[in-house]
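>>> no sequence on this one, just coordinates:
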């Protein structure tokens, strides 16, 4: 059974004025971040799957052809299009550990569909997949506050439950 996806207006047409601009909001209680990158708008859970860090305020980087957002707490890279973790793999060669390039893990961060319309930005929350790691943090008010403050000062943090 697949539920029909319903798009809800989350912002006006000027919410993402330029490249790498962000818009943080809550939709049905879930903290989400919209990001404009290379002309495309992405929507991802604002709070990092790892330990509830403020992923939504992280730097945007292009890694090996993938647009990623980097968690400011622990440096985890998450692909904007599908929420997979990117990491630099290592392997043993001649008794030494050497880099074997960038790899992509399973999906850990929930991403959502975005429709950019003349009157604003619309999001359909992703609900068709099994539970993802970011789900445990997505509805936490203390974690969402870190995103809303968008403060790069020493964060209070979001405590594990």
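Looks like it came in fine. Remember, it's a predicted structure, so these values are computed and weren't measured experimentally.

>>> Tell me the helices and strands packed up against the strand of greatest length in the chain.
Under DSSP state E, the strand in the chain containing the largest number of residues is strand 96-107. Helices and strands in packing contact with strand 96-107 are listed as strand 84-93; criterion 3 or more Cβ pairs under 8 Å, 6 or more residues apart in numbering; DSSP states H and E. All C-beta atoms are positioned from the backbone trio N, CA, C, and that covers glycine.

>>> packing partners for the strand it packs on?
For strand 84-93, the elements it packs on are strand 77-79, strand 96-107, judged by 3+ Cβ pairs under 8 Å, 6+ apart.

>>> quick revisit: give me the buried positions along the longest strand of the chain.
Taking 16 or more other Cβ atoms under 10 Å as the basis for neighbour counts, the residues of strand 96-107 that come out buried are 104, 107.

>>> What residues sit buried inside whichever helix or strand comes after that strand?
Next along the chain after strand 96-107, taking DSSP states H and E as the criterion, comes strand 111-117. Buried residues in strand 111-117, counting neighbours by 16+ other Cβ under 10 Å, are found at 111-112, 114.

>>> Quick check: what element follows strand 111-117 along the chain?
Tracing the chain past strand 111-117, the next element assigned as helix or strand by DSSP H and E is strand 120-124.

>>> Off-centre distance for whatever helix or strand comes next after that following strand?
Scanning forward in sequence from strand 120-124, with DSSP H and E defining helices and strands, the next element found is helix 141-149. On the basis of Cα atoms, centre = their mean, to the nearest Å, the separation between the geometric centre of helix 141-149 and that of its chain is 14 Å.

>>> got the contact list for the residue lying closest to residue 132 once chain neighbours are set aside?
Computed as Cβ to Cβ, 6 or more residues apart in numbering, the closest residue to residue 132 that is not its neighbour in sequence is residue 110, at 4.9 Å. Neighbour list for residue 110: 44-45, 83, 126, 129, 132, 134-135, 138 [criterion: Cβ atoms under 8 Å, 6 or more residues apart in numbering].

>>> and if you look at residue 47?
Residue 47 makes contact with 31, 53-56, 134, 137-138, 140, 143-144, 146-147, 158, according to Cβ under 8 Å, 6+ apart.
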